[in-house]
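**Q** With the sequence up front, the predicted model follows.
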Amino acid sequence: MKKGTLAAHNIRVLFWADLFGSVKFIQPVLALFYFSRGLDEALILWVMFCWSFGVLVGEVPTSMLADRYGAKRAFLLGSVFSIISHAMLLGADEPWLFFMSNFLSGFAASCFSGADEALIYESLKASNEEHLMDRAMGIIQSAQFVVTVAALVIGALVAKDLTNGQFNLLIVLGIVFQCVRLALVFLVKNPPGHGAYRGQPLSQVKEGILAIRQAPQVLWMFLNVTLVFIPTTAIFENFSDKLLYDAGLPVSFIGVVLGSLAVFSFVVSRSIGWLTTRFSRIGLMHATGALGVLALVIVALDGDALFSLFGAMVALRFVRTVRYPVYSQLSNALIPSHVRATTISLLSIVDSLCDMLIFSSVGALATMGFSYLFLASAAVALIGCLMPIRFVSPQEKRQ
């Protein structure tokens with residue numbers, strides 16, 4: 001990747017912004033925090049439902065904001081909402097407060113969803129490097145795992161007694177890091193022509209829908225990605241600390257385990273380019289999907305054994321880390337520049353609908369035990385694996 005380019009600048013800024021924005025000191029004890037505030041397994045899934053609903057509400061307006069005025073404004077809005085959502089957790093002692101906090105968190109996430117990919121792809125196009133999109137996204141994604149190592153270890157150590165004061169301290173630390181991200185977002189530079197769409201809002205959405213209709217393979221690929229992601233990452237990682245705790249691991253060691261997984265994810269993220277030069281991108285998508293299904297089955301049937309649980313967690317981290325950058329490369333080659341953020345966000349609406357459908361459906365099984373929950377999750381991931389993936393060149397798309 002060339003140095004001194006707009007792409008290099010924005011990748012570097014988003015790396016650091018994502019690094020600070022992804023720090024959640026409470027993450028290693030999140031499920032335990034929820035349980036301590038009176039939530040049960042079913043309510044936790046409804047909390048996740050509210051996050052997805054927030055994404056659903058925010059996707060189209062925030063992506064239109066990015067296409068019209070540039071990704072930078074969308075990032076600033078998202079950073080502010082993220083700070084507010086974190087602050088709400090300080091006094092949360094009723095389910096509705098958790099629901100509202102996660103709704104705002106989901107809305108904040110929608111401000112980055114689509115806009116970040118559009119910004120990076122257009123920045124790469126400015127220096128004729130768009131073929132390196134998967135490597136760029138791998139670098140940015142790796143930010144989540146750099147500081148997460150320390151955050152997970154610190155979070156588990158600070159909250160070792162699971163007291164209210166310890167939980168609040170972790171939340172305040174998270175707010176501080178969110179404020180740093182807000183400051184970093186001001187350094188983002190919009191590519192030439194990015195954020196220049198001036199058509200009618202309805203026309204903007206119609207053009208995004210038309211882009212998907214002209215390249216339906218993008219939708220199939222997205223369904224493959226999201227139906228595997230929801231059970232292997234969104235559901236599993238919200239219960240991973242509880243699984244480790246129930247398997248007999250002390251709270252102080254939960255952060256060490258999750259931190260080690262973050263190091264593993266960082267190495268894999270930085271190796272995306274190496275993987276895609278040795279294996280086909282479509283082959284990687286199929287292989288990681290199957291691996292995710294197998295890992296969830298192991299968790300469901302043998303999750304009480306620490307060794308089996310560790311192995312499944314490593315596999316699921318690999319699945320999570322590899323799939324999105326590879327999908328991003330395959331899909332962005334087929335999406336028009338002027339409505340890129342809008343098109344990606346329209347796809348994310350499908351993701352949010354799938355989230356809400358799956359969370360509400362699986363929520364009934366959560367009270368029956370983790371075995372039923374993760375067997376159902378494995379079934380959803382299997383459906384995702386069966387969604388066809390076929391590379392379609394831009395030339396073929398235009399025919």
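**A** All right, it came through fine. Numbers count the residues shown, from 1 in each chain.
**Q** Identify the residues contacting the residue lying closest to Leu89 once chain neighbours are set aside.
**A** In this structure, Leu89 finds its nearest non-sequential neighbour in Ile171, 5.0 Å apart by Cβ to Cβ, 6 or more residues apart in numbering. Where C-beta positions appear, they are placed from N, C-alpha and C, glycine not excepted. Ile171 makes contacts with 25-26, 86-87, 89-90, as judged by Cβ atoms under 8 Å, 6 or more residues apart in numbering.
**Q** hmm, 7 Å instead?
**A** Counting by Cβ atoms under 7 Å, 6 or more residues apart in numbering, Ile171 touches 26, 86, 89-90.
**Q** measure the nearest residue to Ile272 once chain neighbours are set aside to Tyr324 for me?
**A** Excluding its sequence neighbours, the residue lying closest to Ile272 (Cβ to Cβ, 6+ apart) is Gly138, at 3.4 Å. Look at Gly138 and Tyr324: by Cβ to Cβ, to the nearest Å, they are 9 Å apart.
**Q** So for the two, which residue has more residues nearby?
**A** Remark: of Gly138 and Tyr324, Gly138 carries more neighbours, 26 against 19, as counted by other Cβ atoms under 10 Å.
**Q** do you know how far that one is from Leu132?
**A** With the distance defined as Cβ to Cβ, Gly138 ends up 10 Å from Leu132.
**Q** could you measure Ser127 against Gly4, distance?
**A** Taking Cβ to Cβ, one finds Ser127 at 9 Å from Gly4.
**Q** let me fix that: Val55
**A** Remark: distance between Val55 and Gly4 (Cβ to Cβ) = 35 Å.
**Q** out of these two, which sits in the busier spot?
**A** The residue with more neighbours, out of Val55 and Gly4, is Val55; 26 against 8, by other Cβ under 10 Å.
**Q** name the element the nearest residue to the more buried one once chain neighbours are set aside belongs to?
**A** Counting by Cβ to Cβ, 6+ apart, Val55 lies nearest to Gly106, which is 4.2 Å off, once chain neighbours are set aside. Using DSSP states H and E, Gly106 sits within helix 95-112.
**Q** Name all residues that make contact with Ser123.
**A** By Cβ under 7 Å, 6+ apart, Ser123 lies in contact with 6-7, 10, 191.
**Q** any idea which of those is least confident?
**A** Among those, Pro191 carries the weakest pLDDT, at 79.
**Q** and that residue, which of the three is it?
**A** Look at Pro191: counting by DSSP: H, G, I helix; E, B strand; the rest coil, its state is coil.
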